[in-house]
Every structure is written in C-alpha cells, then in structure tokens.
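Asks: here is my input; please provide its structure:
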Amino acid sequence: MASSPEFRLLGPLEVRLDGRVAPVRAGKHRVLLAALLLRANRVVPIDELVERLWEDSPPARTRGTLQTYVMRLRQTLGDPSLIRTVPDGYQIRVPTSHVDVYAFADLAERGRLARNAGDPAAAAEAFTRALDLWRGPALADVPSDVLHREEVPRLVEQRLHVLEQRIDVDFGVGRHAALVSELRALTSEYPLRERFWSQLMLALYRSSRQAEALDAFRQVDRLLEEQLGIDPSEELRELHHAILVGDPTLAAPQPHTVTVPGDQDTEVPAQLPADIGDFVGRAHLVDRIIDLIAPSEPSTAVPIVTLSGPPGIGKTALAVHVAHLLRKVFPDGQLYVNLRGYASGPPLTTVDVLARFLRALGVPPEQIPLDADEQSTMFRSLLSGRRLLVVLDNAAAPDQVRPLLPGDPSCPVLVTSREDLRGLTAMNGARRVPLDVLDPAESVELLASILGPDTVRAERAATGELATLCAHLPLALRVAAANLAGRDDRTVTEYATELRVGDRLSALSVDGDQEAAVLAAFDLSYAALKPELQRLFRLLSLVPGPEFGVHAAANLLDCQVARAHELLTELVSASLLQEHTPGRYQFHDLLRLFAIERAAEQESEPQHAAARTRLLDFYLQAVDRCAEVLYPDMLRLPSTRRPSVRMPEIDSHADALRWLDLERPNLTATIQHTGDFGPAATAWRLADAMRGYLWLGKHVTDWLTTARVGLHAAHTEHHRPAEAAMYQNLGMLHWTLGDYPAASEHYNRCLGLYRDLGNDDAVAGILNNLGLVHVELGDLASAKQNYLRCLTMKRAANTKDDGGEANVLINLGLLSIETGDLAEATGHLTESLRISRAHGYRANEATCHNSLGIAARLLGDPAGAMAHHTQALRISEELGYHESTAQVLESMAAVHLELGRYDRAVEQAELAVAALAENGDQQITTNVLVVLGEGNLRLGDLAKADQQYQQAVTKARKVGFRLAEARALLGLAMTRRPLGKAAESVTLCRQVLAITEDAGLRVTEGLARTELAWASLALGEPQQAVAQAELALAVQRATGHVLGEARTLHVLGAALARTERLDQARQCLTEALPLLDRLTAPDAPAVRALLGTI
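Replies: Numbers count the residues shown, from 1 in each chain. Purely as a prediction, here's the structure:
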C-alpha cells in the first residue's frame, strides 16, 4: 500500500510519494497546493484560493478553471481523496507530520517546552532539527505574490524566532564563543533585527571581547539612524550600558545544582490529586494548555485557562495530568481545590477556599482574616514573586473563580467547569479550551489500558462497539471497563449486547460508587438548569436527525426564534449541547439518551405530541418552500400551510439549496422515523417534496431510502395518490441511475394509478417522463408519441401553469435534434424558452439556451451556438446546478472542436468532468468522454482518445444508453483508422449504423456513413466509399447539418477522384469550400490541397 505523501514548503515546493519526488510542474498547481497545505485539514474558501492564484485578475470562468486545477492536482498526488470538495471551498487532508511547516512548528514547541523545563540538551536538539527542515526560502518556486506577501513573512519570522531561542539555549550552556561568527553572519543578513545584535554583543562580551561588543552597538546605532531615523531599542541600550560598566549579571552561567530553599518559613504546597496512571489521548490539548499556562513570551497578565465540557468528558483528569507535567516549571508549589460547583451539596465559598490556600501557604490559622476581600489581598501578596500553579476544579460560575485569582503572572490558573465561563474570558482574559469526546482509537486505547491489550485483541470488534455505545465519553468508558475488569464470567461482546438492548445510562455505573455513574453526573448538570432550559433540552431529543438549527428549536418550544437562540447558547455554555458549526447544534450520544429519558418522565403525552407535530410541520413547510423556489414546475403532491410555523428565510435558489444541504440528514432521518412510527403522511409528503432536490444533487443513497420508505408508508395507508407519487419518485431515481427498465416499470405503475384517479395533469407528466426513458433506450418513435400525447393533454388542460408544457417542448426539441429535424427542434425550443422566461423557470431557460445552441451548431452557426451556450452557462452557474453546467461545457467543447480549437475543447470538457466530480451523472459523463476523446483525437493523442472512447462505450452499455453508445463507437472508429486499422473502423461503423437505423438517429447516421466512406477509401475500396458518402450526403442535407455536409462532400470528392470521375470530384470539393470557410472550420486547407491535385 502506498504511504501518505510528504510535502515540503520550506524551500522549493516538493511532493514525495513513496520516497520519490513527484514533480508539480505547473506554477498555478504549485500555488494551489501551497495554499491548501498552509491550511491543511481546514477548509480553504474558494475566494481565498482565487486570490492566491490570480489576485486581482481572475479569469472569466474562475470556478471552472479552479476545478480543473484541483482535478489535475488530484491526478498528480495519486489519491483523489486527499483533496476534498466541500461547500464553498476545498480541504486537503494529510497528517501534519507529513508537512514540513507543521513538523517545524511541532519541533519548535518541543524545544520551547524542554527549555522551560530546564533541559537545554533536548531543547537544542529540537530547535536544530526544526531549523534543518529549511532547504531555502519558503515557497521559493511558488509564483504567488499574495502568498509571498501574506504567508512567507510569517514563516520567516517563525524561523528567526526559533533561531533566536536556539542561540539563547547555546548561551545557557556556555557556547558564547562559538556563536560569534554565526551572529555576525545573521546581523549582516538581517541588519534591522535588533535581537541578533544584542545576542552578538553578549557573545562578544562573554568571549572577553568587550571593545568589539561596544563597536557592534555603534554599528547598529548608526545603521538604525541612517536607515530608519530611530534610536536602538531600550533592551539594546541597557545591554550597552551593562557592558560599559561590566555588569556581573552578564557573566556566563556557572554549573549549578538545584537545592531545597533554606527558608523554612516558606511552605511549598503540593495539593494535586494523584495523576491517572492510564491517562490516554488528548496530546494536542496537553500541548496547547501547557503553551497557554507557560507561554514562551513573558506577559504582565495572569495566564488563566478554562477547560469546559459536559459531565464525564475528562476535564479534571486532563487538568491534573497537565499540572503534574508542569510541576518542575512551578517549583513553588501547586494549589488545588474542588469548588464543588456541581456537587449535590452546596459549593465551597470564597472564604472556605482562601482559608485553605492560606494555610497551605504557611499562614497560621489565627492570622487568617475573616473577611473574604482581606483574604484575597493576603493571598495575592503571598504569591507575589513565586512560580506557583493554581488548579480550580469544578467551578460553577465566574464569580466563584475571580476572588481566587493571583495577581502575579508567574502564578497561572487552570480552571475546569461544565460551563464555558465566558465571563472570565471577557473580563479576565481567560483562554477557553473546550473538550470533546475521545476519538475511536483513543477510546479503544483507554479500554485496553484497563482491560488489558489481550482482551481487546481477542474481541476487537466488540471493543469498538463498546466504545461507540459509551459515546467515547471517558467516564462511560472507565465505568464500562471497571464493570468488566477481572470478570471471567462476562465477555466484552456480552456486555456490549447488554448496553445495546438495555437501559444503557443506568448500566453505566459502578455498584457502591455514586461518583462512578454517568447518570448521576448528568443529573447534576440538568438540575442546575432553569425550567425553560430543562424543557428545551428535553424537547430537542424529539429531533430524529443527528443535529438541528435554531428554527427547529423555536418550533419545538413554540417560542420566538431569537429566544430559542438565547436558550441554545445557554445549553452550549452548560456543555449540554455542542455547536459543532455556527448555528448548528447536536447532542453527545449519551446526553441525547438522557434527554429522551427526561422527556418521557416529565412531558405529558399531549405536550409530547404537540411538540413533535410542531417540528414535523416545520420540516414539511420548509421543504415545500424550497421545492417552490427550486423546481416550481415539478409535479408534486398538494401541500398545506400553517401560519404558526416559524420559518427561515428561503427566497432564492441559494437559500433553498443551503437549507436543504444542512437539513438533508435530518430530513432523511425524519422520513425513516415517521415511516416507522407515523404519521405516515409526513413520510411520503417529505419524500415527494425532496425528490427534485435529491435529483439535482444526485444524493442517490438518501433518495433510494426516502422513496422506498415513502412507498411503504403509502402502501400501509392504502393512499393511492401517495403510492402514485412514490412510484414516480422511484421511476425518476432509476432513470437517473441509468436503470431504464426499472424506471419504465415504476413509471408505468404510476401511470396506471394516475389514470384510475382521473388525474390528467399527472398522467401527462408521467408520459413525458416515459418519453425520456424511451429516448435513452433508443426507442425514439415511442418517445415522440409520448411527448406529443403529453403536449396535447397539457394544452387541452389550459392551466395557468405552463411548466409542464415548457418541459415537454424541451424534450421534443432535443428529440428532433437527434432525429435530424433541426428546424423543428428550433421551433419547439424557442417556444419553450418563451414560456420559461414568462414564468421564471430559470433551469428550463438554461436548458433551452443550451439545446438551441446545439441546433445552431449543427445548422452551421457556431457564433449563434456559442451565444446560446454562454447564456446557459451563466444561468446554470447562478443556480449552482453542477449537472447543467457540465452539459453546457460539453456543448461549448463541441463548438470548439468544429472550429479547430482543440486545446480549448479539451479544456472545456475537463471543466465539465470537474463539475461532475461530486455528482457523477452517468449519462452526462459518457457524453463528455466522447467529446474528450474527439479532442484528443484531433490533437494526435490517439492512445488517450481510444481510452476515453472505450470508457464511454463501457459506461453507455452498462446503463443501456444507446445514443451515447453510438457516438462512442463512432469515436472508436475514427481513432482506429489513423492507426492503420481501417477494417476495424468499418466494423465499428456498421455497429453504429445498426443502432442509428433502429433508433432513427439521423445526425449520427450521417456522421457514421461519412467515417465509413473514409475507412472504405483507406481499404482501397473507392466505389464503396462513394456509395456510403452519397448516402451520408443525403442524410446531411435532409437534416440541415452544415458541417456534416461539408465533410461528406470532402470524402465524396476524394473517393470520386480515386475512381477517375474528376469533374464530379472537383464539383464536390468546390461545394464544400464555401461551407467550410463560412464556418471557419479547420478542414478547409486539406480540401484546397486536394482540389489543387485534381
């Protein structure tokens, strides 16, 4: 298996795959890769990437070009999953240890920690390894002014800071003499960096070179005056003065040993609870907390760090673990107290805590003031000048913490709380560190540390399930392991089964130990909530999906949206909910179970039912509103409106898509839930309303799930309109998947139901859909018959909503293009465009323009074709419809092919592939592969063209897409002839003709006969070539395909010349030239050259 790539940015950009350099040759690709790596594992917005790539001069089709760059970069890296496409951006997922920028930062941090802990050897090693990662100027070959302006200076500053620290470590071990030459070079390279000058002066002074040290000061003094007009910093001036007077504090350090202070009156408290011997995970949090508690840069503020999270998350364990790691850094002691903020009894008072601390610091009991303010003052005075750590565990509120804060920055404070203590952040500068559950690997590691690795290895799958059942909550994991440890009569598998099927919360407790119980921990947090918060906490458990927004909460509680937001914020602050992304909330799994239990116990049945109804009404009404905005012309079941529902603003396509993208998992879960528990109507109504959205996004897994659940619900209730709607849903799904026989079966069942119900409008819609299936199956006659019956019914109905008529006219137009009735096609499409514009059917408008462009191209109007395609592309991109965008790009590529712009054609087709990357529509992908194949064929890359045509044939046959199969086989025929395989070309052309003649694909038939004529000519059969060319010419003139006619005249002229019918040959070639010149087609020079030989 290939290892994960390694990336180097500290120098020229370099990618290493399995130990070998993989070149990234294109400059723009290097810019894109660097921009992603500098934000590794985070989403980089598209706007930011565009700025880094093009600054103020982006190309006309910015997003499409960016998609192409991403696609090609994925190919270079060899693993497409490394770069993820996310809403409005991209994300590269790599281990940070494989990117030198992050490896540098990690080594620098290790060096800083080792230095603070008094280990200069380890510090020097870490700093040196970090600096060795630099191979030259950062991003040396990355051509982006923005990156060099905004990112490189930051990286350079980090390097120089590490270099300064490494030099300081060298000073500490007496290497001053060896530093002089290095520092002279650094002051020459960075003459305005005063820190290097001060280090040079100190190195010279400690090397008994006082005069040179003073001369160095004069140099920097003169330099700063001449270049900046300023004096040296206060630090430099003070160092200069100290050197002048021979200040003894400048002397090199002497070897020393650590001794216990002789002042017996100074107490050194050591109140930390014992560290947990099996502490696992949290490595990144440990490093972050240490960095905040013991910062490398001195400050006048007291460092305060608050660890927050839900009960059982491991706040105390982490705080105590970090405090033990820092004991050497704080030699004057560690104070610890459990403030009992969430205990069953009253919390400790300020007077209680300060009295304890003062006694621990050596104050006799009789000298401790009774007044809390006086105690605080004495406490701060005693800590002045000491290096001491204060740990305040289980705080309930900021007011409980503030009187216990020292005044000296050398005495940091570490606080744990179930609340986020935002007041401490706002008023006291505290830094918040929220805790989440352990990741799955850490959870298994924790279980293994208690149960033993052999047990975990023997029941690996069961151990993983046990970790999941414990929701990866440390307290639950420890309780579960304690209940299993030493028990030979119960396996992990058996215990996991008990938790899965039983009362999980009650089972996660240790007999006889109240503190070792998950339920008890949750109860204390819940009891501290005010009643309104408790009720919202309970009702949120009714949401079937994994998360929710503020409008769901407002409808559940039947309150204003602003009030719901306030309450959700309070629940997040209390660590009973997570705001995992802005405005989106979720439970930890065990807290959700707890909320469900509380709802069952405390909500009456009417209250429970009313809240659930409000939530379901909200989902129904919001989805229905999205459907109205996104696809107003789509046939749907009737909807109802309740004015009491609190709705989000959904006024545009972007609003609707954004809301549905956020809520899709919840809506799918709600359909499944209501399908199982009712009301069944909610299941089928939601499934029906989501059909268009699921089709647009090609969310086929959710689509299949919701359609099947909806159909089952409709069958259960014997609701025939709903059954018909769900069969329609399944028919559309299988048509999208390319399973045309299944699509036909579902549509025909739907058609029978709608006919029985007397719903003529729906019958017309299904006839239209069946026509689409017939087209894909190559039965164009049946397709046209269905389309015309649909059109007749739509016009007879004379309804105000002409969306159905617009749709069927588009389909008739596309069918007419395939059958070669180009004038008829233009008429249908023009009428559909008029209707779509009148009613605001923007998606239809885009399709009309694209289809009119195809017709114009075939009729010999490439400029008109491109104008239509440009309009279609603008609308598709405005709507955010990737599928439609890909179709238009494919059509534009076809125009470029006919005009001889082969590079541009391939580029447009690759943009189409990129637009489909997240959707994978098989029909459009197949068509794009055909266009790509022709582009590469014309560019002379026959191997690539052959490969792409083969892929297209495979895809088309897999889904029964006969039209695309014919085009792809024709492409293979065109590829084989230049390879000297004209006989194969003949065979392939005859396969194409078998399809086109059966399906009535006249345009493709004309192209196939033209290629067959060239192949026959190559085989030395000019009479056969003439016969095929004459048949092709008749087809081309009947359809009006101008370029096809010109190219057929070309091969006919060549074949006639070979049969010595020179006058007829000249006539054909002469007729071809004006057509080719009018189209500016690339074939004209070849025709002139042939004409010149006759």
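Asks: Ser207 contacts Arg175, correct?
Replies: No - with contact defined as CB atoms under 8 Å, Ser207 does not count as touching Arg175 (10.5 Å). Where C-beta positions appear, they are placed from N, C-alpha and C, glycine not excepted.
Asks: list residues touching both of those two?
Replies: Common neighbours of Ser207 and Arg175 are not found (criterion: CB atoms under 8 Å, 6 or more residues apart in numbering).
Asks: ok, how many other residues are close to Met378?
Replies: For Met378, the neighbour count with other CB atoms under 10 Å is 18.
Asks: that one and Leu358 touch, don't they?
Replies: Yes - between Met378 and Leu358 there is a contact at 6.2 Å, judged by CB under 8 Å.
Asks: which residues do these two both contact?
Replies: In contact with both Met378 and Leu358: Ile368, using CB under 8 Å, 6+ apart.
Asks: next secondary structure after the least confident helix or strand in the chain by mean pLDDT?
Replies: Least confident helix or strand of the chain, by mean pLDDT, DSSP states H and E, is strand 513-517 with a mean of 57. Next in sequence after strand 513-517, counting helices and strands by DSSP states H and E, comes helix 518-527.
Asks: what residues of the strand or helix carrying Ala242 count as buried?
Replies: If you go by DSSP H and E, Ala242 is part of helix 234-245. Within helix 234-245, the residues that qualify as buried are Leu236, Leu239, His240, Ala242, Ile243, counting by 16 or more other CB atoms under 10 Å.
Asks: Serialize those to JSON lines and add fields for distance to Asn748.
Replies: Output for these, formatted as JSON lines (distance: CB to CB, whole Å):
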{"residue": "Leu236", "distance to Asn748": "89"}
{"residue": "Leu239", "distance to Asn748": "92"}
{"residue": "His240", "distance to Asn748": "95"}
{"residue": "Ala242", "distance to Asn748": "96"}
{"residue": "Ile243", "distance to Asn748": "97"}
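Asks: of those, closest to Gln560?
Replies: Set against Gln560, the nearest of these by CB to CB is Leu236 (61.0 Å).
Asks: surely that closest one meets Trp197?
Replies: Yes - using CB under 8 Å, Leu236 makes contact with Trp197 at a distance of 6.4 Å.
Asks: find residues that contact each of these two.
Replies: Here Leu236 and Trp197 have Phe217, Val220 as joint contacts, going by CB under 8 Å, 6+ apart.
Asks: ok, the biggest strand by length in the chain: who's next to it in the sheet?
Replies: Longest strand in the chain by number of residues (criterion: DSSP state E): strand 389-395. Applying DSSP bridges, strand 389-395 is found paired with strand 334-338 (parallel), strand 413-417 (parallel).
Asks: which other helices and strands does the helix or strand just after it contact?
Replies: Remark: after strand 389-395, the chain's next helix or strand is helix 398-401, criterion DSSP H and E. In terms of contacts (3 or more CB pairs under 8 Å, 6 or more residues apart in numbering; DSSP states H and E), helix 398-401 is packed against helix 422-428.
Asks: can I get the helix it packs on in CSV, CA atoms only?
Replies: Written as CSV, here are the backbone C-alpha positions of helix 422-428 (Å, rounded to 0.1, in the frame of the first residue of the first chain):
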residue,chain,number,x,y,z
ARG,A,422,-17.4,33.3,29.1
GLY,A,423,-17.3,36.0,31.7
LEU,A,424,-13.8,35.0,32.7
THR,A,425,-12.8,35.3,29.0
ALA,A,426,-14.5,38.7,28.6
MET,A,427,-13.4,40.3,31.9
ASN,A,428,-10.2,38.4,32.9
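Asks: check which residues of that helix are buried.
Replies: By neighbour count with 16+ other CB under 10 Å, helix 422-428 contains the buried residues Leu424, Asn428.
Asks: I'd like the distance between Tyr102 and Leu73.
Replies: Applying CB to CB, to the nearest Å, the value for Tyr102 to Leu73 is 19 Å.
Asks: those two: who's more crowded?
Replies: Neighbour count, other CB under 10 Å: between Tyr102 and Leu73, Leu73 has more, with 23 against 19.
Asks: who's in contact with the helix or strand hosting that one?
Replies: Taking DSSP H and E as the criterion, Leu73 maps to helix 62-77. Helix 62-77 has contacts (CB under 8 Å, 6+ apart) with 5, 15, 17, 22, 24, 26, 28-29, 32-33, 46, 49-50, 53-54, 59, 80, 82-83, 85, 90, 877, 885, 889, 907, 910-911, 913-915, 917.
Asks: let me see the ranges of the helices in the stretch 301-450 of the chain.
Replies: Along the stretch 301-450 of the chain, the stretches classed as helices by DSSP state H, counting those that start in this stretch are 315-325, 350-360, 372-383, 398-401, 422-428, 440-451.
Asks: likewise for the stretch 851-1000 of the chain?
Replies: Counting by DSSP H, counting those that start in this stretch, the stretch 851-1000 of the chain has these helices, from start to end: 862-879, 882-898, 902-915, 922-938, 942-959, 962-976, 982-999.
Asks: now mean pLDDT and mean neighbour count too, for those, in JSON lines please.
Replies: Formatted as JSON lines, these follow (pLDDT from 0 to 100; neighbours: other CB atoms under 10 Å):
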{"stretch": "helix 862-879", "mean pLDDT": "91", "mean neighbour count": "20"}
{"stretch": "helix 882-898", "mean pLDDT": "90", "mean neighbour count": "25"}
{"stretch": "helix 902-915", "mean pLDDT": "85", "mean neighbour count": "23"}
{"stretch": "helix 922-938", "mean pLDDT": "89", "mean neighbour count": "24"}
{"stretch": "helix 942-959", "mean pLDDT": "90", "mean neighbour count": "19"}
{"stretch": "helix 962-976", "mean pLDDT": "92", "mean neighbour count": "26"}
{"stretch": "helix 982-999", "mean pLDDT": "92", "mean neighbour count": "20"}
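Asks: I'm done for today, thanks for sticking with me.
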